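In: sequence and predicted structure below; questions after.
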Amino acid sequence: MVIDVTKPEMYQHKNGSDVIAFYKEPFGAFLTVLKAKDDSYYSLLIYEYSMDNLILKQVKKPWSDLKDGDPCMVSEDGEEWFKRYFSGKIASAIPTVYAYGRTKWTGIFEHEKWKFCRPPTEEELKS
C-alpha cells in the first residue's frame, strides 16, 4: 500500500491509534505521531518497508450522503450556519456548494468551498 503522507487523518495504526502526522526522516523512515484511544499522544518510527502496519480508515464525512442539488448547511467556524445547495466534492475531500444560495439551475458554474458542510435538520428545512 502506498501511504499518502500529506493526509495522516486517513490512517490508523493496526493497534487502533489514529495517525496525527507524518514527518520524513533522512534515513528512510517516517516519524509518525499517533493518538491512542485514551487520548494520549506518542510517536513511532515507521520504516517505508513496514508501512503495512498502517491501515486506511473509513472516515464518513457529514456530507457523504448528499447529492448534487440537495439542501445543506455550511459554515466556516461550526457556529454560524448558512443554507446552500450541495454541488459535489473536490478530490473526495472538500465539499462544494452552489455560490450565494443558488441552485444547479441558476449557478451551475459558480461554486463555493466551506470548511463545514452537513445535511440540514428538520427544523432548518422548515425555516
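Out: Looks like it came in fine.
In: pLDDT below threshold where in the chain?
Out: Counting by pLDDT under 70, the chain has low-confidence residues at 1-4, 47-53, 55-60, 91-93.
In: could you pull out the helices for it?
Out: Per DSSP state H, the chain carries helices over the ranges 122-126.
In: and the residue at the greatest distance from the centre of it, how far is that from residue 42?
Out: Of all residues in the chain, residue 27 has its C-alpha farthest from the mean position, at 30.4 Å, by CA atoms, centre = their mean. Distance from residue 27 to residue 42, counting by CB to CB, to the nearest Å: 20 Å. The way it works is simple: take the backbone N, C-alpha and C, and place the C-beta from them, glycine included.
In: next, the contact list for the residue farthest from the centre of the chain, please.
Out: Applying CB atoms under 8 Å, 6 or more residues apart in numbering to residue 27 gives no contacts.
In: give me phi/psi at it?
Out: Phi and psi for residue 27, reported as degrees, to the nearest 10, are phi -100, psi 30.
In: buried residues in the longest strand anywhere in the chain?
Out: Using DSSP state E to define each element, the chain has its longest strand at strand 82-90. For strand 82-90, a neighbour-count test (16 or more other CB atoms under 10 Å) marks 84-87, 89 as buried.
In: one more: stretch 27-40?
Out: By neighbour count with 16+ other CB under 10 Å, stretch 27-40 contains the buried residues 29-30, 32-34.
In: let's have those in a markdown table, adding distance to residue 75.
Out: Below are these laid out as a markdown table (distance: CB to CB, whole Å):
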| residue | distance to residue 75 |
| --- | --- |
| 29 | 39 |
| 30 | 33 |
| 32 | 31 |
| 33 | 28 |
| 34 | 29 |
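In: nearest to residue 64, of those residues?
Out: Nearest to residue 64 out of the buried residues of stretch 27-40 is residue 34 (CB to CB; 25.0 Å).
In: could you work out the end-to-end span of stretch 106-116 for me?
Out: By CA to CA, to the nearest Å, the extent of stretch 106-116 from end to end equals 23 Å.
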